[in-house]
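**Student:** Have a look at this prediction, sequence included:
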Amino acid sequence: MTTYKFIRDETELVQSLIEFNKEPIYHRKMVGNKPLYFVHAIIGEQHLFGLSKFCAFKDITSDDYLSGKRRETDGGKTQKHIEKVVNRQWEPYEGIAKNIQKAFKQWIESFFPHYNIYNANFLTIEAKLLKKVKAQNRRSITQDELEILLDFKKRIGAIGEEIAITYEADRLLKLGASSPLNYITHTSKINANAGFDIYSDFNKKVRFIEVKSNVNNTGEIYLTSNELSTFKSNPGEAYIYLVNITNLEKKEGIVRVLNDVDELGEREAILYKIIR
């Protein structure tokens, strides 16, 4: 007797995809040795990929899947079910868009470095969650889905700050600091409204560091008025550390250091304060 439930529509498929990405540390175990089919979506400018067999299940967690659900059905059945739900066929790696190819290659190789990407097949989700609202050019998203997405972004931000602190500690070590972490304060953990995430002070050289993180160079960068104020108030001492997370599981990434907010490029005002 089966105990699993399959997703019924693309919105539930999105929810399973997001759940798959909540714990990247389990990605290698969940995909197995020869994964062939992947669900794909772009949520908040972030490419997300998930194993089709996992994503076919409704209300599933990583623990559920690894503890037995993956053995309750076979890959062929789950692939056909997803095809039926989205009413499209799987596309081979060579047939998908170049930006999706690049994002997938970076994602899979972050935990499965010898995977043959040309064996992969994809279905990109076009559920209501992902469709642009024509009038506003925005994506439709429920409150629950928004909370899941914000939680996912929060984890990316936390890992990015850890990588930035490691980078800053290495920088201070090269400058002669024997215990570099003694000169670094993780400010965002003490005061989330400070206008910067990390404070570094060694040999009277101060840095107010704002960390902006993304995964595999995808995602937009947002600055609050408070963060912009930090740059104006501390010329020459305010920095942005752009962290491109290349491996979420190992907390590895590449840090690009900016000392001038204008280096970010053109800015667009998307939030206004109403004065009554």
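**Tutor:** Looks like it came in fine. Numbering: from 1, shown residues only.

**Student:** distance of the spatially most central residue of the chain from residue 248?
**Tutor:** When C-alpha atoms, centre = their mean is applied to the chain, the residue found nearest the centroid is residue 215 (4.9 Å). Distance of residue 215 to residue 248, computed by C-beta to C-beta, to the nearest Å: 7 Å. (Each C-beta comes from the backbone N, C-alpha and C, glycine too.)

**Student:** any residues in contact with both of these two?
**Tutor:** With contacts defined as C-beta atoms under 8 Å, 6 or more residues apart in numbering, the residues shared by residue 215 and residue 248 are residue 156.

**Student:** Select the longest helix from this structure.
**Tutor:** helix 143-174 (DSSP state H).

**Student:** Need the mean per-residue confidence for that helix.
**Tutor:** The average pLDDT for helix 143-174 rounds to 84.

**Student:** which secondary structure elements does that helix contact?
**Tutor:** helix 10-20, strand 184-185, strand 198-202, strand 205-215, strand 238-247, strand 252-258 (3 or more C-beta pairs under 8 Å, 6 or more residues apart in numbering; DSSP states H and E).

**Student:** Chain neighbours aside, what residue packs nearest to residue 51?
**Tutor:** Distances taken as C-beta to C-beta, 6 or more residues apart in numbering place residue 31 nearest to residue 51, at 5.2 Å, with adjacent residues excluded.

**Student:** Can you report how many residues lie near that neighbour?
**Tutor:** Close neighbours of residue 31, defined as other C-beta atoms under 10 Å, add up to 21.

**Student:** Same question for the one 4 residues further on.
**Tutor:** By other C-beta under 10 Å, the residues close to residue 35 number 20.

**Student:** So it: helix, strand or coil?
**Tutor:** Secondary structure assignment for residue 35 (DSSP: H, G, I helix; E, B strand; the rest coil): coil.

**Student:** Let's see the pLDDT reported for the spatially closest residue to it that is not a sequence neighbour.
**Tutor:** Spatial nearest neighbour of residue 35, excluding adjacent residues (C-beta to C-beta, 6+ apart): residue 51 at 5.7 Å. We note a pLDDT of 95 for residue 51 in this prediction.

**Student:** ok, now which ones touch residue 51?
**Tutor:** 20, 30, 31, 32, 35, 37, 38, 39.
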